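Peer 1: Got a sequence here, can you model it:
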Amino acid sequence: MRGYGKLNVDGTLSSANVQHEGFVSLDKFTKDENGNYYEYYQLEMVDGKYVPNLTLLQKEYKKTKIQSFTNETETYIQKEVLKYDEANGTAFKDVHSCANYKDALEYDHQNFCSKIWQWQITVWQKARTIQEDVVTQKRVEPSIKEFKNELPNFVGVE
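Peer 2: Below you'll find the predicted structure:
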């Protein structure tokens, strides 16, 4: 069966709009009539009960975790760019705008641009290692604070 509805704890569906035999596709975070959100998953019928399609759940989990780690890493790096901007009266949009000047030896802020570019590479390497270990369940997912504590610190420039 294919349709939309709420998965009950006992494996049955409520408020389902079923269309085809054998499969149910449900959207995540659908609002009910009271304005409450329910988390929905793509489901399949197993032994007369609906169960989450584990392959699809694993793909969704991986996609969600990758995006979460990416967002936190970008924020971590951007914080250092903003800190430098505030202290030096610059207006670098992000680390990529610093990259434009990392090799410009005559540029006043070249040293910062070069150092932050190299640093962000090591940050991304560490972040992706942590992310892969979490996604493959080699380790428990760290809290945001724990994750950021594992990332390399920016030494900065004088």
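
Peer 1: can we go C-alpha only for contacts and neighbour counts from here?
Peer 2: Fine.

Peer 1: Let me know how buried Thr75 is, in neighbour terms.
Peer 2: 12 (other Cα atoms under 10 Å).

Peer 1: tell me the SS of it?
Peer 2: Of the three states, Thr75 takes helix under DSSP: H, G, I helix; E, B strand; the rest coil.

Peer 1: Which positions within stretch 70-80 qualify as buried?
Peer 2: Neighbour counts over stretch 70-80 (16 or more other Cα atoms under 10 Å) mark 70, 73, 76-78, 80 as buried.

Peer 1: export those to JSON lines and tack on distance to Glu146 and pLDDT?
Peer 2: Formatted as JSON lines, these follow (distance: Cα to Cα, whole Å; pLDDT from 0 to 100):
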{"residue": "Thr70", "distance to Glu146": "15", "pLDDT": "93"}
{"residue": "Thr73", "distance to Glu146": "13", "pLDDT": "96"}
{"residue": "Tyr76", "distance to Glu146": "13", "pLDDT": "97"}
{"residue": "Ile77", "distance to Glu146": "16", "pLDDT": "97"}
{"residue": "Gln78", "distance to Glu146": "18", "pLDDT": "97"}
{"residue": "Glu80", "distance to Glu146": "18", "pLDDT": "96"}
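
Peer 1: can you name the two of those residues that are farthest apart?
Peer 2: Greatest spatial distance in the buried residues of stretch 70-80: Thr70 and Glu80, 16.1 Å, computed using Cα to Cα.

Peer 1: now the buried residues of stretch 70-80 as JSON lines including distance to Glu150?
Peer 2: Listed next are the buried residues of stretch 70-80 as JSON lines, based on distance: Cα to Cα, whole Å:
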{"residue": "Thr70", "distance to Glu150": "15"}
{"residue": "Thr73", "distance to Glu150": "11"}
{"residue": "Tyr76", "distance to Glu150": "12"}
{"residue": "Ile77", "distance to Glu150": "13"}
{"residue": "Gln78", "distance to Glu150": "17"}
{"residue": "Glu80", "distance to Glu150": "16"}
